[in-house]
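1. Just the structure for this:
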Amino acid sequence: MALRFVAILALLLASALTAFAADIRTARGTVDVAASPERVAVFDIAALDTLDRLGVKPAGLPEKLYLQQLEHLKSGAEVVGDIFEPDLEALSALGPDLIILGGRSSTKVDAAAQVAPTIDMTMDGDDLVEQAKARLSDYGLLFGREAEAEKIAAELDGEIDAARLATTGKGKALIIMTNGPKITAYGQGSRFGWVHATLGLPPAITDVQAATHGEAVSFEFIHKANPDWLLVVDRASAIGSGEQSARATLDNELVAGTTAWKKGQVVYLPAADFYIAAGGIQATRRVMATLREAFAAAR
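-> Reported below is the predicted structural model:
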């Protein structure tokens, strides 16, 4: 009888543990994570952006957040490293229940896991938006905010639909990033190719190398591509380096000869949202809103 009681108790305990665990989709596969963690350290800015929209306040943050909209999260939180590398000593002192890495910090998963359970929530590729919604859904499950996550996903879908409607039939686009005086171009299948995939926005040129850091190009390349729309990411602005701005870099005769420049169809994307927080729910909505407004205003 006693043995039977122990067996039943063990089953009940196992059921209870299962009830308080969540299957979270990560960049390294599905991971079983204890639900409702109270103290969370987050190093990925996209994750911070989405968690902020859900009303989740992390206990540990990177030193620099890059997005002004996230600065309020610093109140009451501890600095535990930067977006590239956790400070393991500071993390240990914080004692988090869960550590969320991604993107630039993703190579430090094994090191952070020595302190507390760690998940890699990196997002990239043409299906970035679908990954972003999957992350949102899983965060909602993890923190007991499923209904709010569904509502937020619907809001994002609405913004994307509006942007897609505004861009339809408006011509071809070329995505470039300036880094001071240097320029790289991004096409389909690249780290920024999700814009083409999500909006069905035709590329001005199809043979751009699908490289993580883009293909280094010249002003002559932009002139020859002659895009109807030039979508610009200013890396110097995104990281606050103080280098030459994108507007200054592109102000030359070759770029001025493109259809995009002549028609006033050069769109400066919200740099930190696009470059640092790619896949964050709020950041993605701001990018979509910028594109929608620009394309809707086109004659």
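2. thought residue 54 was touching residue 150?
-> No - contact between residue 54 and residue 150 fails when scored by C-beta atoms under 8 Å: they sit 11.2 Å apart. In short, each C-beta sits where N, CA and C put it, glycine included.
3. More neighbours: which of the two?
-> residue 54 (17 against 14; other C-beta atoms under 10 Å).
4. Contacts only, for that one.
-> 136, 139, 140, 143, 145, 148, 149, 152 (C-beta atoms under 8 Å, 6 or more residues apart in numbering).
5. Ok, residue 45 next?
-> Here residue 45 is in contact with 62, 65, 66, 67, 70, 83, 103, 276, 277, 280 (C-beta under 8 Å, 6+ apart).
6. from these, which would you call buried?
-> 62, 65, 66, 67, 70, 83, 103, 276, 277, 280 (16 or more other C-beta atoms under 10 Å).
7. out of these, who's nearest residue 165?
-> Using C-beta to C-beta, the shortest approach to residue 165 within the buried ones among the contacts of residue 45 belongs to residue 280, at 23.0 Å.
8. so who does residue 43 touch?
-> So residue 43 contacts 62, 80, 81, 82, 83, 86, 99, 100, 101, 102, 105, 108 (C-beta under 8 Å, 6+ apart).
9. Grab the two from the contacts of residue 45 that are most spread out in space.
-> 70 and 103 (15.0 Å).
10. so residue 181 sits right up against residue 246, yeah?
-> No - in this structure residue 181 lies outside contact range of residue 246 using C-beta under 8 Å: 10.3 Å.
11. Which of those two has more residues huddled nearby?
-> Shown here are residue 181 and residue 246; by other C-beta under 10 Å, residue 246 has more neighbours (24 against 10).
12. which regions of the chain sit below the pLDDT cut-off?
-> The chain contains residues with pLDDT under 70 at 1-19, 209-213.
13. Let me see the ranges of the strands in it.
-> Secondary structure of the chain (DSSP state E): strands at 21-26, 29-34, 40-42, 60-61, 78-79, 98-101, 118-120, 173-179, 182-186, 215-216, 229-234, 266-268.
14. Could you export those as TSV, including distance to residue 112 and mean neighbour count?
-> As requested, the strands of the chain are arranged in TSV below (distance: least, C-beta to C-beta, whole Å; neighbours: other C-beta atoms under 10 Å):
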stretch	distance to residue 112	mean neighbour count
strand 21-26	13	17
strand 29-34	14	13
strand 40-42	8	28
strand 60-61	11	24
strand 78-79	15	16
strand 98-101	5	27
strand 118-120	4	24
strand 173-179	29	25
strand 182-186	30	22
strand 215-216	33	15
strand 229-234	29	24
strand 266-268	35	19
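15. Those strands: which one's closest to residue 130?
-> strand 21-26 (11.0 Å).
16. any idea how far the closest one is from the chain center?
-> Offset of strand 21-26 from its chain centre (C-alpha atoms, centre = their mean, to the nearest Å): 19 Å.
17. Which elements pack onto it?
-> Judged by 3 or more C-beta pairs under 8 Å, 6 or more residues apart in numbering; DSSP states H and E, the packing partners of strand 21-26 are strand 29-34, strand 118-120, helix 128-142.
18. one step back: looking at the contacts of residue 54, which one is closest to residue 123?
-> The closest of the contacts of residue 54, once distances to residue 123 are taken by C-beta to C-beta, is residue 136, at 11.0 Å.
19. what number of residues lie near that closest one?
-> 24.
20. What separation do you get for it and residue 223?
-> Using C-beta to C-beta, to the nearest Å, residue 136 is found at 40 Å from residue 223.
21. returning to what we had before: output the contacts of residue 45 in JSON lines, with distance to residue 92 appended to each entry.
-> Compiled in JSON lines, the contacts of residue 45 are given as follows (distance: C-beta to C-beta, whole Å):
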{"residue": "62", "distance to residue 92": "16"}
{"residue": "65", "distance to residue 92": "22"}
{"residue": "66", "distance to residue 92": "25"}
{"residue": "67", "distance to residue 92": "27"}
{"residue": "70", "distance to residue 92": "24"}
{"residue": "83", "distance to residue 92": "19"}
{"residue": "103", "distance to residue 92": "23"}
{"residue": "276", "distance to residue 92": "27"}
{"residue": "277", "distance to residue 92": "27"}
{"residue": "280", "distance to residue 92": "27"}
